[in-house]
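Chemist: Below: sequence and its predicted model.
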Amino acid sequence: MVVRWFRAEFASFVHLYHDGKDQYDGQMPEYQGRTELLEAGLTDGNVPLRILNVRRSDEGLYICFVQDDTFYEETVLELRVAGLGSAPLISVESHQDGGIRVVCRSAGWYPEPEVLWRDLSGRHLPSVSETKSQGDNGLFETETALIVKKHSNRNLSCCIRNTFLNQEKESAVYIADSFFLSVTPWMVALSVILVVLFGFICLTAYLFKMKGKY
(Lines give C-alpha, C1' and ligand atoms only; values in the text may rest on other atoms or scores of the structure.)
Protein backbone atom coordinates (compact mmCIF):
# COMPACT_ATOMS: atom_id res chain seq x y z
CA MET A 1 0.00 0.00 0.00
CA VAL A 2 1.10 3.57 -0.77
CA VAL A 3 0.09 6.56 1.32
CA ARG A 4 1.19 9.92 -0.03
CA TRP A 5 0.48 13.26 1.58
CA PHE A 6 1.28 16.20 -0.68
CA ARG A 7 0.26 19.78 -1.36
CA ALA A 8 0.45 21.45 -4.77
CA GLU A 9 2.58 18.87 -6.61
CA PHE A 10 2.25 15.09 -6.53
CA ALA A 11 6.00 14.53 -6.90
CA SER A 12 6.94 16.88 -4.02
CA PHE A 13 5.42 15.12 -1.05
CA VAL A 14 4.91 16.13 2.54
CA HIS A 15 5.11 12.49 3.64
CA LEU A 16 5.34 9.13 1.82
CA TYR A 17 4.64 5.66 3.17
CA HIS A 18 5.53 2.75 0.86
CA ASP A 19 6.66 -0.87 1.15
CA GLY A 20 5.67 -0.94 4.80
CA LYS A 21 7.83 1.98 5.90
CA ASP A 22 8.26 5.75 5.65
CA GLN A 23 10.19 7.06 2.66
CA TYR A 24 12.08 10.34 3.05
CA ASP A 25 14.01 10.63 -0.22
CA GLY A 26 12.43 13.49 -2.15
CA GLN A 27 10.49 14.89 0.81
CA MET A 28 9.85 18.65 0.74
CA PRO A 29 12.74 20.31 2.63
CA GLU A 30 10.46 22.36 4.89
CA TYR A 31 8.90 19.17 6.29
CA GLN A 32 12.05 17.15 6.85
CA GLY A 33 12.23 15.80 10.38
CA ARG A 34 8.74 17.10 11.20
CA THR A 35 6.32 14.44 9.88
CA GLU A 36 5.27 10.93 10.80
CA LEU A 37 2.50 8.61 9.73
CA LEU A 38 0.59 7.06 12.63
CA GLU A 39 0.65 3.42 11.54
CA ALA A 40 -1.51 2.04 14.34
CA GLY A 41 -4.69 2.60 12.34
CA LEU A 42 -3.49 1.40 8.92
CA THR A 43 -5.28 -1.96 9.13
CA ASP A 44 -8.54 -0.09 9.83
CA GLY A 45 -8.06 2.29 6.91
CA ASN A 46 -6.84 5.24 9.00
CA VAL A 47 -3.81 7.07 7.62
CA PRO A 48 -3.36 10.13 9.86
CA LEU A 49 -0.37 12.40 9.37
CA ARG A 50 1.25 14.14 12.31
CA ILE A 51 3.15 17.39 11.69
CA LEU A 52 5.50 18.43 14.48
CA ASN A 53 6.56 21.97 15.41
CA VAL A 54 3.72 23.51 13.42
CA ARG A 55 4.47 26.76 11.60
CA ARG A 56 2.23 29.38 10.09
CA SER A 57 3.46 28.33 6.63
CA ASP A 58 1.95 24.86 7.20
CA GLU A 59 -1.52 26.37 6.80
CA GLY A 60 -3.39 25.46 3.63
CA LEU A 61 -4.64 22.52 1.56
CA TYR A 62 -3.28 18.96 1.79
CA ILE A 63 -4.10 16.00 -0.42
CA CYS A 64 -4.11 12.46 0.95
CA PHE A 65 -3.55 9.84 -1.79
CA VAL A 66 -3.94 6.12 -1.00
CA GLN A 67 -3.20 3.28 -3.42
CA ASP A 68 -3.43 -0.46 -2.86
CA ASP A 69 -2.85 -2.64 -5.94
CA THR A 70 -5.31 -1.33 -8.52
CA PHE A 71 -7.41 0.65 -6.04
CA TYR A 72 -6.62 4.29 -5.39
CA GLU A 73 -8.44 7.24 -3.85
CA GLU A 74 -7.63 10.74 -2.70
CA THR A 75 -9.21 13.48 -0.63
CA VAL A 76 -8.45 17.12 0.14
CA LEU A 77 -8.17 18.56 3.63
CA GLU A 78 -7.54 22.08 4.87
CA LEU A 79 -5.20 22.72 7.75
CA ARG A 80 -5.87 25.83 9.79
CA VAL A 81 -3.09 27.13 12.02
CA ALA A 82 -3.74 29.16 15.16
CA GLY A 83 -1.52 30.29 18.01
CA LEU A 84 -1.93 31.81 21.46
CA GLY A 85 0.46 34.65 22.20
CA SER A 86 1.96 35.95 25.41
CA ALA A 87 -0.06 37.01 28.42
CA PRO A 88 -0.99 40.73 28.18
CA LEU A 89 1.50 43.10 29.79
CA ILE A 90 -0.17 46.17 31.30
CA SER A 91 1.85 49.30 32.07
CA VAL A 92 1.05 52.81 33.31
CA GLU A 93 2.61 55.17 30.78
CA SER A 94 1.81 58.82 31.56
CA HIS A 95 -0.78 61.46 32.45
CA GLN A 96 -3.08 62.38 29.57
CA ASP A 97 -6.34 64.30 29.18
CA GLY A 98 -6.82 64.61 32.92
CA GLY A 99 -6.30 60.90 33.55
CA ILE A 100 -3.80 58.06 33.41
CA ARG A 101 -2.75 56.45 30.13
CA VAL A 102 -2.64 52.67 30.57
CA VAL A 103 -1.19 50.48 27.80
CA CYS A 104 -1.65 46.75 27.15
CA ARG A 105 0.84 44.82 24.96
CA SER A 106 1.10 41.24 23.75
CA ALA A 107 2.82 39.30 20.95
CA GLY A 108 2.85 35.91 19.23
CA TRP A 109 -0.80 35.64 18.09
CA TYR A 110 -2.22 34.06 14.95
CA PRO A 111 -4.52 34.86 13.29
CA GLU A 112 -5.09 38.52 14.18
CA PRO A 113 -6.53 38.61 17.72
CA GLU A 114 -9.38 40.57 19.27
CA VAL A 115 -8.43 42.98 22.09
CA LEU A 116 -10.81 44.12 24.82
CA TRP A 117 -10.61 46.28 27.94
CA ARG A 118 -13.06 45.26 30.67
CA ASP A 119 -14.00 46.32 34.18
CA LEU A 120 -14.79 44.01 37.09
CA SER A 121 -18.36 43.48 35.92
CA GLY A 122 -17.16 42.40 32.46
CA ARG A 123 -18.35 45.58 30.75
CA HIS A 124 -16.28 46.60 27.73
CA LEU A 125 -14.35 49.87 28.03
CA PRO A 126 -13.44 51.96 24.95
CA SER A 127 -9.77 52.30 24.07
CA VAL A 128 -8.22 55.54 22.80
CA SER A 129 -5.80 53.80 20.43
CA GLU A 130 -5.07 50.32 19.09
CA THR A 131 -2.33 49.07 16.78
CA LYS A 132 -1.65 45.59 15.40
CA SER A 133 1.40 44.58 13.40
CA GLN A 134 2.55 41.34 11.80
CA GLY A 135 6.19 40.33 12.27
CA ASP A 136 8.51 38.50 9.89
CA ASN A 137 7.36 35.20 11.39
CA GLY A 138 3.76 36.01 10.47
CA LEU A 139 2.64 36.35 14.09
CA PHE A 140 0.74 39.38 15.33
CA GLU A 141 1.71 41.92 17.99
CA THR A 142 -0.89 44.19 19.52
CA GLU A 143 -0.84 47.39 21.59
CA THR A 144 -3.89 49.20 22.94
CA ALA A 145 -4.26 52.17 25.28
CA LEU A 146 -6.95 53.36 27.68
CA ILE A 147 -7.39 56.61 29.63
CA VAL A 148 -8.42 56.06 33.25
CA LYS A 149 -10.01 58.98 35.10
CA LYS A 150 -9.75 59.44 38.84
CA HIS A 151 -13.45 58.92 39.52
CA SER A 152 -13.96 56.10 36.99
CA ASN A 153 -13.67 52.35 37.58
CA ARG A 154 -10.00 51.69 38.24
CA ASN A 155 -10.16 47.88 38.37
CA LEU A 156 -9.28 46.96 34.80
CA SER A 157 -8.41 43.90 32.78
CA CYS A 158 -6.95 43.56 29.30
CA CYS A 159 -8.24 40.53 27.42
CA ILE A 160 -6.77 39.22 24.16
CA ARG A 161 -8.81 36.56 22.38
CA ASN A 162 -8.06 34.12 19.59
CA THR A 163 -11.48 33.93 17.95
CA PHE A 164 -10.57 30.83 15.91
CA LEU A 165 -9.62 28.77 18.98
CA ASN A 166 -12.15 30.61 21.18
CA GLN A 167 -9.43 30.98 23.82
CA GLU A 168 -8.11 34.07 25.52
CA LYS A 169 -5.46 35.40 27.87
CA GLU A 170 -6.18 38.13 30.39
CA SER A 171 -4.28 40.35 32.82
CA ALA A 172 -5.71 42.72 35.44
CA VAL A 173 -4.53 45.91 37.13
CA TYR A 174 -5.74 48.37 39.77
CA ILE A 175 -4.84 52.06 39.38
CA ALA A 176 -4.19 53.46 42.88
CA ASP A 177 -4.87 57.03 44.04
CA SER A 178 -1.15 57.79 44.13
CA PHE A 179 -1.00 57.68 40.31
CA PHE A 180 -3.32 60.66 39.97
CA LEU A 181 -2.14 64.25 40.25
CA SER A 182 -3.75 65.87 43.28
CA VAL A 183 -4.38 69.62 42.75
CA THR A 184 -5.77 71.55 45.77
CA PRO A 185 -6.98 75.20 45.89
CA TRP A 186 -3.93 76.38 47.82
CA MET A 187 -1.65 74.87 45.15
CA VAL A 188 -3.54 76.80 42.48
CA ALA A 189 -3.28 80.03 44.51
CA LEU A 190 0.44 79.47 45.10
CA SER A 191 1.00 78.92 41.39
CA VAL A 192 -0.76 82.20 40.54
CA ILE A 193 1.26 84.10 43.16
CA LEU A 194 4.54 82.67 41.84
CA VAL A 195 3.67 83.64 38.26
CA VAL A 196 2.78 87.22 39.32
CA LEU A 197 5.93 87.48 41.45
CA PHE A 198 8.10 86.24 38.62
CA GLY A 199 6.57 88.78 36.26
CA PHE A 200 7.12 91.59 38.78
CA ILE A 201 10.79 90.65 39.19
CA CYS A 202 11.31 90.59 35.44
CA LEU A 203 9.63 94.00 35.07
CA THR A 204 11.73 95.50 37.87
CA ALA A 205 14.94 94.15 36.36
CA TYR A 206 13.98 95.57 32.97
CA LEU A 207 13.26 99.04 34.46
CA PHE A 208 16.59 99.14 36.31
CA LYS A 209 18.36 98.14 33.10
CA MET A 210 16.65 100.90 31.16
CA LYS A 211 17.43 103.44 33.91
CA GLY A 212 21.12 102.50 33.75
CA LYS A 213 21.22 103.21 30.01
CA TYR A 214 19.87 106.76 30.43
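Modeler: Thanks, I have it. Numbers count the residues shown, from 1 in each chain.

Chemist: surely residue 140 meets residue 111?
Modeler: Yes: if you go by CB atoms under 8 Å, residue 140 and residue 111 touch, sitting 7.4 Å apart. Using the backbone N, CA and C atoms, a C-beta is placed for each residue, glycine as well.

Chemist: list the buried ones in stretch 88-103?
Modeler: Using 16 or more other CB atoms under 10 Å as the test for burial, stretch 88-103 gives 88, 90, 99-103.

Chemist: Show the contacting residues for residue 40.
Modeler: residue 46 (CB atoms under 8 Å, 6 or more residues apart in numbering).

Chemist: avg pLDDT for whichever strand or helix holds residue 211?
Modeler: Using DSSP states H and E, residue 211 sits within helix 185-213. Mean per-residue pLDDT for helix 185-213: 71.

Chemist: is it true that residue 80 touches residue 164?
Modeler: Yes: with contact defined as CB under 8 Å, residue 80 reaches residue 164; the gap is 6.8 Å.

Chemist: So which of these two has more stuff around it?
Modeler: Shown here are residue 80 and residue 164; by other CB atoms under 10 Å, residue 164 has more neighbours (14 against 10).

Chemist: and the buried residues of stretch 88-103, which of them are in strands?
Modeler: Counting by DSSP state E, the buried residues of stretch 88-103 place 90, 99-103 in strands.

Chemist: Tell me which of those has the lowest pLDDT.
Modeler: Lowest pLDDT of these: residue 99, 80.

Chemist: hey, what's it bridged with?
Modeler: Using DSSP bridges, the beta-bridge partners of residue 99 come out as residue 96.

Chemist: hang on, isn't it packed against residue 148?
Modeler: Yes: applying CB under 8 Å, one finds residue 99 in contact with residue 148, separated by 5.3 Å.

Chemist: ok, and what's touching stretch 29-37?
Modeler: Stretch 29-37 is contacted from outside by 3, 5, 14-15, 17, 22, 24, 27, 47-53, 57, using CB under 8 Å, 6+ apart.

Chemist: my bad, stretch 133-142
Modeler: 56-57, 83, 85, 104-113, 115, 130-132, 160.

Chemist: ok, 6 Å please
Modeler: Contacts of stretch 133-142 with the rest of the structure, by CB atoms under 6 Å, 6 or more residues apart in numbering, involve 56, 106-110, 112, 115, 132.

Chemist: Next: stretch 90-102.
Modeler: The contact list for stretch 90-102, computed with CB under 6 Å, 6+ apart, reads 103-104, 145-149, 158, 171, 173, 175, 179.
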